[in-house]
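# Let me see the structure of the following:
(chains A and B)
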Amino acid sequence: MNALFVLAALVTAFAAVLVVAGKNLVRAVMALALALLGTAVVYALLDASFLAGVQVLTYVGGVVTLMIFGVMVTRRHEGANAPAERVHGFRGLVIAAGLFALLAWAVMESDLDRGAPPIFAPETTRSLARSLLDEHLIAFEVVSLLLLAAILGAVVLARRRDGRDAGSELLAAATREAVESQTQGEPVEAAGSARGGAAR
Amino acid sequence: MTLTHCLLLASFLFCVGVYGLLTRRQAVAVLLSLELMMNAANLAFASFAHFKGGPGQVFVIFALAITVAEVAIGLALVMLLYRRYDDTALDRASEAKG
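All right, here's what the predicted structure looks like:
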């Protein structure tokens, strides 16, 4: 158990460093996937099996895929590499190292492992579901509203304003074909000729 | 494996995220660093829930949902940025400041 924790922690930390230090954005996203998987292993070691599963499903499965799309869609050059640029490297390093020193000092000083472990029922998936849908029901519903708002917001933000997306172009072409075939005196089958025009 | 070890790992992940946030230029890379920091916070919640009790795991689930929403909105903003400036470097967007 301890060896597994050390291994998972080392892999996670190494992958995290790769995320911020790598030269290639696609590789950085892959390193992020590795870091999130390592965290899922740590969750499993912390008796949070549901969290481990959710972490793999939503983060590694969903967020990383989204990020890959984000990298692929928004790069200027063709080719396999998406170079990651960096600025103010030294200042950032100083700030991050200082923050880590502060946090590590606080963690070490606060003597968290001392004393008898408190008595409490360990959280299982069953108790988690119970508290999610009973005690925290309002927060649960508010989060579902938040997700709906996020979906709508993402669609509205990412939509093309000039109407040049693929769907409306296809529709415009089909309409044009239908109008032309009508003015040429062909049999009026608007739906059929529109579909044929789109296929042509 | 003690609470101290888990929290040290979480703080290391968080600080690596801070470094990426401060030094990366591309918006997507900044989002990646944000993910690392969120992940570190979740790890701290789960560690406290395991060693000290309390509703830490429920917190993590809500934080996950909020993170996913943030990623969706963030990537939509990145696409807008790319369309506007033909680039995703964040310092290009400095004219957006009030």
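# drop to CA atoms for contacts and neighbour counts, all remaining ones
OK.
# Show me how far the helix ranked longest in chain B is from its chain's centre.
In chain B, assigned by DSSP state H, the helix with the most residues is helix B:56-85. Centroid separation between helix B:56-85 and its chain, computed with C-alpha atoms, centre = their mean, to the nearest Å, is 9 Å.
# Please apply the same query to stretch B:81-92.
Centroid displacement of stretch B:81-92 relative to its chain, using C-alpha atoms, centre = their mean, is 21 Å.
# Next: stretch A:127-135.
Averaged C-alpha coordinates place stretch A:127-135 at 25 Å from its chain's average position (C-alpha atoms, centre = their mean).
# Give me the contacts around that stretch.
Surrounding stretch A:127-135, the residues in contact under the criterion C-alpha atoms under 8 Å, 6 or more residues apart in numbering or on different chains are A:Phe140, B:Gln57, B:Val58.
# quick one, what contacts the last one?
Each residue near B:Val58 by C-alpha under 8 Å, 6+ apart is listed here: A:Leu128, A:Ser131, A:Leu132.
# quick one on the thing from earlier: let's have the contacts of stretch A:127-135 in a markdown table, adding distance to A:Ala121 and pLDDT.
Supplementary listing: the contacts of stretch A:127-135 in a markdown table, determined by distance: C-alpha to C-alpha, whole Å; pLDDT from 0 to 100:
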| residue | distance to A:Ala121 | pLDDT |
| --- | --- | --- |
| A:Phe140 | 23 | 91 |
| B:Gln57 | 13 | 87 |
| B:Val58 | 15 | 90 |
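# can you redo the residues you listed as TSV with distance to A:Val6?
Converted to TSV, the contacts of stretch A:127-135 look like this (distance: C-alpha to C-alpha, whole Å):
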residue	distance to A:Val6
A:Phe140	34
B:Gln57	22
B:Val58	26
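# Out of those, the closest to A:Thr183 would be?
Within the contacts of stretch A:127-135, distances to A:Thr183 taken as C-alpha to C-alpha reach their minimum at A:Phe140, with 57.6 Å.
# Could you report the distance from that closest one to A:Gln182?
Using C-alpha to C-alpha, to the nearest Å, one obtains 55 Å as the distance from A:Phe140 to A:Gln182.
# Those two: who's more crowded?
Ranked by neighbour count (other C-alpha atoms under 10 Å in any protein chain shown), A:Phe140 and A:Gln182 place A:Phe140 first, with 18 against 15.
# For chain B, spot the helix or strand the model is least confident about on average.
Within chain B, judged by mean pLDDT, DSSP states H and E, the helix or strand with the poorest mean is helix B:56-85; its value is a mean of 87.
# Skipping its backbone neighbours, what lies nearest the residue sitting nearest the centre point of chain B in space?
When C-alpha atoms, centre = their mean is applied to chain B, the residue found nearest the centroid is B:Leu34 (2.3 Å). Among residues not flanking B:Leu34 along the chain, B:Gly17 sits closest, at 6.3 Å (C-alpha to C-alpha, 6 or more residues apart in numbering or on different chains).
# Which of the helices or strands spans the one you found?
Assigning secondary structure by DSSP states H and E places B:Gly17 in helix B:3-23.
# could you point out which element follows that helix?
Following helix B:3-23 in sequence order, the next helix or strand is helix B:27-52 (DSSP H and E).
# and that next one, how far from the chain's centre?
For helix B:27-52, the separation from the chain centroid amounts to 7 Å (computed by C-alpha atoms, centre = their mean).
# and which of the contacts of stretch A:127-135 is nearest B:Ala40?
When these are compared against B:Ala40 (criterion: C-alpha to C-alpha), the nearest one is B:Gln57, at 13.7 Å.
# got the contact list for B:Phe45?
Taking C-alpha under 8 Å, 6+ apart as the definition of contact, the neighbours of B:Phe45 are B:Gly56, B:Gln57, B:Phe59, B:Val60.
# ok, and what's touching whatever helix or strand A:Ala35 lives in?
In this structure, A:Ala35 sits in helix A:25-45 according to DSSP H and E. With C-alpha under 8 Å, 6+ apart as the test, helix A:25-45 has contacts from A:1, A:5, A:8-9, A:11-16, A:18-20, A:22, A:49, A:51-53, A:55-56, A:59-60, A:64, A:67-68, A:71, A:81-84, B:29, B:32, B:36, B:39, B:43, B:46.
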